[in-house]
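**Q** Here is my input, please return the structure:
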Amino acid sequence: MNPFSSGTRLRDMIRAIRASKTAAEERAVVRKECAAIRAAISENDQDYSHRNLAKLMFIHMLGYPTHFGQMECLKLIASPGFPEKRIGYLGLMLLLDERQEVLMLVTNSIKQDLNHTNQYIVGLALCALGNICSAEMARDLAPDVERLLQFRDPNIRKKAALCTIRIIKKVPDLAENFINPAAALLKEKHHGVLLTGVQLCTDLCKVSNEALEYLKKKSIDGLVKVLKDLANSAYAPEYDISGIADPFLHIRLLKLLCVLGQGDADASDAMNDILAQVATKTESNKNAGNAILYECVATIMSIEENGGLRVLAVNILGRFLSSRDNNIRYVALNMLMKAISLDSQAVQRHRATILECVKDSDASIRKRALELVYLLVNENNVKTLTKELVDYLEVSDPEFKEDLTAKICSIVEKFFPEKIWYIDQMLKVLSEAGNFVKDDVWHALIVVITNAPNLHGYTVRSLYKAVQTAVEQETLVRVAVWCIGEYGELLVSNAGMLDIEDPLTVTEADAVDVVETAIGHHSSDLTTRSMCLVSLLKLSSRFPSCSKRINDIIHQYKGSLVLELQQRALEFNSIIEKHEKIRSSLVEKMPVLDEATFSGRRAGSMPASVSTSQGAPPKIPNGIAKPVSAPLIDLLDFSSDDVPVSSTSGGGFLQDLLGVDVTPVSTQGTDQAQKSGNDMLLDLLSVGTPPAQNSSSALDILSPSQANQNSVDMLGNLATPSPAAQISSPISPMLDLLDSFGPSPSVPVAETNGPTYPSIVAFESNSLKITFNFSKEPGSPQTTLIEAQFLNKSLNIYSNFIFQAAVPKFLQLHLDPASSNTLPASSSGSITQKLRVLNSQHGKKSLVMRLRINYKVNDKDVLEEGQISNFPRDL
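**A** Numbers count the residues shown, from 1 in each chain. As a prediction, the model looks like this:
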């Protein structure tokens, strides 16, 4: 016999395929076999049709195309015999899916088989329908399936229940037809039927509120009784698993009770006793028992509040954390993250165990435990928990240090009780894992340091000692260099000594050594070296005895291949050698930075405001009237989002140094004098890329020959007032530059109250609500300021929360950063985000916007979308 004829047995074909030594040989065997099967199908060979279909199924599982055999499935299903039908239905489920048009042809055959006298054939039809049922088939065959829910044989009832689950998922409108039959299944004695019936009722509750209300009224007592009988039942070998009677049914019953108890105090009260019994009597030394306990805890956390039960549930999770099984510990940590929003006190009792999990060898457990510890921190335990985490940072794996460092920094910034503690903890983190610290963290540290004048000496001495042993930590070096440049004289003189400090002897040369070592270290990048050059310029003024040595160090970089360093070295060298009179004014100490404003900017939640401070213009030594300028705080653009900033200024690295990410707002009619990038002296106070336009040498800028030109305050250009407020004055740029170091009040700006607009609910789903509050910029009717507020209505915490929006071309949209990326559960907190919309068709077209919201729930990505068309008409 030809080994590849249609009469070849299935086992022979499998042996031939497995004997193939290469993929090409396997393809040849499959190709010959498929050709033989095609020939048999075209000849209508009925003798081996079931064997041919079995071969096709095996070939399909290997990944080869088998679409030519689909009609063969339908022919076998239409056959009268059980063996043919069995192989036909198996092929139907394997070779076809609900998207195939061929499936429409089989509906009539399935309907006939559902009414067949042979219960095994009925079972085949139900099994196939439950696997590949489409919406059209569901509508046609639902009455037959509903009838079979009351069939005499329990196996048919079980399969009919499973088939019903598929039907109501495909066509939720049919759910109401199955409410009564499904409720009747909850009274079954047969565990298989009861199990499927409970699952069917659970799915019905999710798709139909009518079913949910019906089961709450009629079935809760019965379910509690079934669960109680099951928990107290004697040994039954047919259902026993590890000494527990039917744990699968236990879990399904608990899941259904969870659905019925949510949001219903009466229903929750009815199931409290049985939940407590299951939680206390179930053995936890086997996986089956742990599965039941976990589901019991999930149910307790979901139903209406019962303080005693929740404490019991949290204690069970605490026992899970002591398990040797990593999976059990991981699910316990997950559940504790949900529980902390319901009963944080109960979770706090297991703080020590959770901290041990942070040090676990398993990476997933470490990460989850760290997230939980972060949620546990409050004002009372911040010092204890931070100490534990910082101690572990010293010995943690390099791949875990980034996450651990980020969490420690966030905890310290959020809950620090006093600034000295904050500085100490941040220095420990910078010393151990400085290379993992984000830029905004050390920017914030510098802001805090400037706001603690009594700690300047302590801080610079601590940094000096730390950088001696951790020069490879880039971020630590940056902060140390910045502080030594600012407060170097305090380091040398030991000024501001605290009681907790030991005396430290540091000479001026030692301070310069630190900066010289940092600038020459092989791991220092451009930013660090730029900061070192600025620090050296400052020290040349603070330490006159070291001025020549500092100039020599700077001189080495005049030939640097890096343009940034070369340009700085040239300018700084010129200032030290030729402009000693103005050097001390140029390198005065940085002003105290507004800590609250910086924090708001960083969180993206600072409201736009217009400065309204008033004051008389300061006097210039030569008696020439000087235009009113913003105070030095405005130099760093810390005061207002609304003040226009030239887009050509290059930003200066000083903003980056202090963590200020300024997005320029372009306005028509802005005076050409706002292009502050023209002045290299501005760059002397920054640490970054110099302006690219109209660069001139330091000598040209220092020349008084331009005294009669119409100029604007060079340093004030970082936060220039509106064009109408600028007053041209024939004043020397040099005098104007130096005068900006003094406290000059900002220009008074008239502030008008615009019209008010009602808030709207922009988007609302079962789990999320977004509210928009509107305001207008004075004098700019085209611009609308929107404050979006996000509320989480579910019981789960949303992490990695990202809000995105899109608008038509006639609108321009700018989104500020959100106040957080974690949305608390149960509307216990909110996230806010600012939007700015410019409507070029104001008065003609209304605002319209599409939304997309991404977040994670229980490590699952969730995407929600919507469109807003209900904006107030006059926006």
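
**Q** show me where pLDDT drops low in this structure?
**A** 1-7, 601-754 (pLDDT under 70).

**Q** What ranges does it have for its strands?
**A** For the chain, the strands defined by DSSP state E occupy 240-241, 244-245, 760-764, 768-777, 780-792, 799-806, 811-815, 830-839, 849-857, 860-868.

**Q** Save those as TSV, and put in mean neighbour count and distance to Leu186 too.
**A** All C-beta spots, glycine's among them, are computed from the backbone N, C-alpha and C. Listed next are these as TSV, based on neighbours: other CB atoms under 10 Å; distance: least, CB to CB, whole Å:
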stretch	mean neighbour count	distance to Leu186
strand 240-241	14	22
strand 244-245	20	18
strand 760-764	17	34
strand 768-777	18	34
strand 780-792	19	34
strand 799-806	15	37
strand 811-815	15	51
strand 830-839	19	41
strand 849-857	18	30
strand 860-868	12	30
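
**Q** Mind putting these into a markdown table with distance to Leu124?
**A** Shown next, in a markdown table, are those (distance: least, CB to CB, whole Å):
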| stretch | distance to Leu124 |
| --- | --- |
| strand 240-241 | 29 |
| strand 244-245 | 31 |
| strand 760-764 | 46 |
| strand 768-777 | 44 |
| strand 780-792 | 47 |
| strand 799-806 | 46 |
| strand 811-815 | 57 |
| strand 830-839 | 53 |
| strand 849-857 | 39 |
| strand 860-868 | 35 |
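
**Q** how about those, which one is nearest Ile554?
**A** strand 811-815 (40.7 Å; CB to CB).

**Q** angle of the closest one against strand 780-792?
**A** Angle of strand 811-815 versus strand 780-792, following axes from the mean of the first three to the mean of the last three CA atoms, to 10 degrees, is 50 degrees.

**Q** so how many other residues sit close to the nearest residue to Asp144 once chain neighbours are set aside?
**A** Leaving aside its chain neighbours, Asp144 sits nearest to Leu114 (4.3 Å; criterion: CB to CB, 6 or more residues apart in numbering). Neighbourhood size, Leu114 [other CB atoms under 10 Å]: 22.

**Q** ok, Val198 touching Ile251?
**A** No - counting by CB atoms under 8 Å, Val198 sits too far from Ile251 to count as a contact (9.6 Å).

**Q** Between the two, point out the one with more neighbours.
**A** Val198 (27 against 20).

**Q** so who does that one touch?
**A** Val198 makes contact with 185-186, 223, 249, 252-253, 255-256, according to CB atoms under 8 Å, 6 or more residues apart in numbering.

**Q** could you check the distance from the closest residue to Val171 other than its chain neighbours over to Phe572?
**A** Distances taken as CB to CB, 6+ apart put Ala138 closest to Val171, at 4.7 Å, once the chain neighbours are dropped. Distance, Ala138 to Phe572, using CB to CB, to the nearest Å: 79 Å.

**Q** which of the contacts of Val198 sit farthest apart?
**A** Spatial extent of these (CB to CB) is set by the pair Leu185 and Lys255 at 15.6 Å.

**Q** neighbour count winner among these two?
**A** Leu185 (25 against 17).

**Q** count of residues packed around Gln46?
**A** 12.

**Q** can you check Leu795 too?
**A** Leu795: 14 surrounding residues under other CB under 10 Å.

**Q** Then Ala511?
**A** When neighbours are defined as other CB under 10 Å, Ala511 has 23 of them.

**Q** and the closest residue to Glu305 other than its chain neighbours, what is it in contact with?
**A** In this structure, Glu305 finds its nearest non-sequential neighbour in Leu342, 7.6 Å apart by CB to CB, 6+ apart. Leu342 makes contacts with 301, 305, 310, 795, as judged by CB under 8 Å, 6+ apart.

**Q** Including distance to Lys359, could those residues go into TSV?
**A** Output for these, formatted as TSV (distance: CB to CB, whole Å):
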residue	distance to Lys359
Met301	27
Glu305	34
Arg310	28
Leu795	30
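
**Q** From the residues you listed, pick the one nearest Pro453.
**A** Leu795 (46.9 Å).

**Q** May I have the residues that are in contact with the nearest residue to the closest one once chain neighbours are set aside?
**A** Excluding its sequence neighbours, the residue lying closest to Leu795 (CB to CB, 6+ apart) is Ala825, at 5.3 Å. Residues in contact with Ala825 (CB under 8 Å, 6+ apart) are 338, 341, 792, 794-798.

**Q** what's the answer for Glu508, then?
**A** Applying CB under 8 Å, 6+ apart, we find Glu508 in contact with 488, 492, 539, 543, 545-546.

**Q** Among the residues you listed, which ones are in helices?
**A** Residues of those located in helices (DSSP state H): 488, 492, 539.

**Q** excluding its backbone neighbours, what's nearest Leu445?
**A** Leu445 sits nearest to Met426 (CB to CB, 6+ apart), 5.1 Å away.

**Q** How about Ala518?
**A** Residue nearest to Ala518 in three dimensions, not counting chain neighbours: Val477, with 4.9 Å by CB to CB, 6+ apart.

**Q** how deep is the one you found tucked in, by neighbour count?
**A** Residue neighbour count, defined by other CB under 10 Å, stands at 28 for Val477.

**Q** Cross-check the contact I'm expecting between it and Thr469.
**A** No - using CB under 8 Å as the test, Val477 is too far from Thr469 to be in contact (11.9 Å).

**Q** OK, contacts around Asp269?
**A** Glu304.

**Q** That one and Leu90, how far apart?
**A** According to CB to CB, Asp269 and Leu90 sit 49 Å apart.

**Q** now swap in Pro824 and tell me
**A** Distance, Pro824 to Leu90, by CB to CB: 50 Å.

**Q** One more: Ser344?
**A** Ser344 sits 54 Å away from Leu90, going by CB to CB.

**Q** Settle it for me: which of those two has more neighbours?
**A** Using other CB under 10 Å, the more surrounded residue of Ser344 and Leu90 is Leu90, with 19 against 13.

**Q** Nearest spatial neighbour of the more buried one, chain-adjacent residues omitted?
**A** Met57 (6.8 Å).

**Q** tally of neighbours for the residue nearest to Leu445?
**A** Met426 is flanked by 27 other residues according to other CB under 10 Å.

**Q** Also Glu379?
**A** 10.

**Q** The one 4 residues further on too?
**A** Lys383 has 14 neighbouring residues, counting by other CB under 10 Å.

**Q** Pull the contacting residues for it.
**A** 417, 421.

**Q** could you measure it against Ile411, distance?
**A** Noted for Lys383: a distance of 10 Å to Ile411, by CB to CB.

**Q** Next: Gly88.
**A** Distance from Gly88 to Ile411, counting by CB to CB: 64 Å.

**Q** do Met337 as well
**A** Look at Met337 and Ile411: by CB to CB, they are 16 Å apart.

**Q** and those two? which has more neighbours close in?
**A** Met337 (22 against 19).

**Q** what's the distance between the more buried one and Arg850?
**A** Taking CB to CB, one finds Met337 at 32 Å from Arg850.

**Q** just Leu96 next, same as before
**A** Going from Leu96 to Arg850 by CB to CB gives 37 Å.

**Q** Just list the residues touching the closest residue in space to Ile575 that isn't next to it in sequence, thanks.
**A** Distances taken as CB to CB, 6+ apart place Arg583 nearest to Ile575, at 5.6 Å, with adjacent residues excluded. Applying CB under 8 Å, 6+ apart, we find Arg583 in contact with 537, 540-541, 575-576.

**Q** Mind checking which of the residues you listed are in helices?
**A** Within the contacts of Arg583, residues falling in helices by DSSP H are 537, 540-541, 575-576.
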